[in-house]
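> what's the 3D shape of this:
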Amino acid sequence: MDRTASPNPDPIPELMRQLDTLVDGESASAKLAASGPRAIGPLANFLLHGRARSVPQPRCWAVRTLAGLGAKDVLIEYLEQEPAGDPVVRLHEEAVQREAALALTSWPTDDVFVVLMGAAQRQAIPGVIEAIGRFNRREAVPMLLKALEDDCCRPWAEAALEAHLARDHDLIVQSAFDRRTDVAQQEERPSLRRRRAVLRLLRSQAEPSDVVHGLAPLIDSADLEIAVDACAIALAGGTTEERARAGRRLTAIEPNAAWDLYADVKALLRRLDAPPPETRAR
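This next block holds a predicted model:
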């Protein structure tokens with residue numbers, strides 16, 4: 001009998017090995033969580049210094065376990081790391097970053113908010129935008145508006161901005177306008193995507209606020225999607241003059257409207273036959 005062998009060997013190294021497999025990883029993460037704070041060091045090393053994988057699930061389990069153990073500082077350190085230079089590696093790691101960002105929202109503190117905003121500035125990904133949205137802070141609105149320019153982040157940014165419509169509509173309305181100083185300069189596609197998304201968001205309001213009257217100049221926008229949405233907003237909550245102006249613009253757009261706008265234009269023109277809402281009568 002080998003009397004030098006420990007009767008109770010430390011199970012954590014073997015659990016860490018199991019964590020890095022799809023077969024045993026989930027059960028290993030539960031056992032690591034049950035091991036308490038002494039598991040934090042190995043888990044932190046796995047997350048902070050381990051390589052990104054094409055299958056991110058083991059690293060996601062590590063994040064969940066660290067969050068359950070209260071290792072907020074480890075998750076912050078992870079999100080403060082610079083994104084990988086290899087775009088394929090960055091893509092694989094996005095699921096892990098999302099897990100860490102959402103886990104950090106369990107600590108709705110200023111330092112966490114700053115970390116999330118910094119992470120979004122370095123590399124905007126849907127999970128980080130989703131986490132920022134959960135803070136519902138006015139300082140986040142410019143970042144959320146910028147995220148509208150990214151096709152992957154847009155749905156999460158739109159969902160977050162819906163909660164800001166009542167309180168921060170001034171910032172959202174301002175972002176609907178093209179800020180080019182040189183009218184001959186071509187608007188960049190990301191900027192146009194953002195402004196279209198903002199108009200759709202404002203149009204979705206059941207009761208457009210009085211600030212939305214400031215969108216009237218966009219009735220004459222050269223971009224027809226923006227113009228049609230601005231007309232819809234005017235018809236829903238504009239003055240009599242704004243409704244008439246929207247009607248003239250829609251009538252001018254109708255003959256040459258693309259198929260994806262034509263039905264919308266026709267429906268809005270039919271709305272002109274109905275009287276304006278009593279609450280908005282001027």
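
> how near is His169 to Ala252?
Separation of His169 from Ala252 (C-beta to C-beta, to the nearest Å): 28 Å. Where you see a C-beta, it was placed from the backbone N, CA and C, and this is true even at glycine.

> okay, those two: which has more neighbours?
Here His169 and Ala252 are set side by side on neighbour count (other C-beta atoms under 10 Å), and the busier one is His169, at 20 against 12.

> look up how far Leu202 lies from the more buried one.
Applying C-beta to C-beta to His169 and Leu202 gives a distance of 8 Å.

> what's the helix or strand for the residue nearest to Pro142 when sequence neighbours are not counted?
Nearest-residue entry for Pro142: Leu171, 7.0 Å, with adjacent residues in sequence omitted and distances by C-beta to C-beta, 6 or more residues apart in numbering. Following DSSP states H and E, the helix or strand that holds Leu171 is helix 169-174.

> cool, Gly70 as well?
Secondary structure from DSSP H and E places Gly70 outside every helix and strand.

> and the gap between it and Gly41?
For Gly70, the distance to Gly41 under the criterion C-beta to C-beta works out to 14 Å.

> the stretch 51-200 of the chain: helices as residue ranges?
Under the criterion DSSP state H, counting those that start in this stretch, the stretch 51-200 of the chain carries helices at the ranges 57-68, 72-79, 87-104, 110-122, 126-133, 141-147, 154-162, 169-174, 189-203.

> any idea which of the ones you listed is most buried?
Burial of the helices of the stretch 51-200 of the chain is given as mean neighbour count (mean count of other C-beta atoms under 10 Å); helix 126-133 ranks first at a mean of 25.

> now that one: average pLDDT?
Helix 126-133 shows a mean pLDDT of 96 in the predicted model.

> residues touching stretch 155-169, excluding its own?
The set of residues external to stretch 155-169 that reach it, using C-beta atoms under 8 Å, 6 or more residues apart in numbering, is 126, 129-130, 132-134, 136, 138, 140-141, 144-145, 147-148, 150, 171-172, 197, 200-202, 204-205, 209, 211-212.

> hmm, 7 Å instead?
The set of residues that contact stretch 155-169 without belonging to it, under C-beta atoms under 7 Å, 6 or more residues apart in numbering, is 126, 129-130, 132-133, 136, 138, 141, 144, 147-148, 172, 197, 201, 205, 209, 211.

> repeat that for stretch 124-139.
With contacts defined as C-beta under 7 Å, 6+ apart, stretch 124-139 is touched by 94, 97-98, 101-102, 104-105, 108, 113, 116-117, 119-120, 140, 143-144, 147, 150, 152-153, 156-157, 159-160, 163, 168.

> if we use 8 Å, what do you get?
Residues outside stretch 124-139 that contact it (C-beta under 8 Å, 6+ apart): 79, 94-95, 97-99, 101-102, 104-105, 108, 113, 116-117, 119-120, 140, 143-144, 146-147, 150, 152-153, 155-157, 159-161, 163-164, 167-168, 171.

> please apply the same query to stretch 27-41.
Among residues not part of stretch 27-41, those counted as contacts by C-beta under 8 Å, 6+ apart are 11-12, 15-16, 18-19, 21, 42-43, 61-62, 64-66, 68-69, 71, 74.

> surely Ala246 touches Thr240?
No. Contact criterion C-beta atoms under 8 Å: Ala246 and Thr240 do not qualify, at 10.8 Å.

> when these two are compared, which one has more neighbours?
Shown here are Ala246 and Thr240; by other C-beta under 10 Å, Ala246 has more neighbours (26 against 11).

> contacting residues around that one?
With contact set as C-beta under 8 Å, 6+ apart, Ala246 has these partners: 219, 230-232, 234-235, 238, 268.

> next one: Leu66
Applying C-beta under 8 Å, 6+ apart to Leu66 gives the contacts 40, 43-44, 47, 74-75, 103.

> could you redo the last one with a cut-off of 10 Å?
29, 32-33, 39-40, 43-44, 46-47, 72-75, 78, 99-100, 103 (C-beta atoms under 10 Å, 6 or more residues apart in numbering).

> pLDDT score for it?
Reading off the model, Leu66 has pLDDT 97.

> and Ala216, its phi and psi?
Main-chain torsions, Ala216, degrees, to the nearest 10: phi -50, psi -40.

> what residues are up against it?
In this structure, Ala216 makes contact with 230-231, 233-234, 238-239, 241-242, 245-246, judged by C-beta under 10 Å, 6+ apart.

> ok, and the most crowded of the residues you listed?
The residue in the contacts of Ala216 with the most neighbours, by other C-beta under 10 Å, is Cys231 (33 neighbours).
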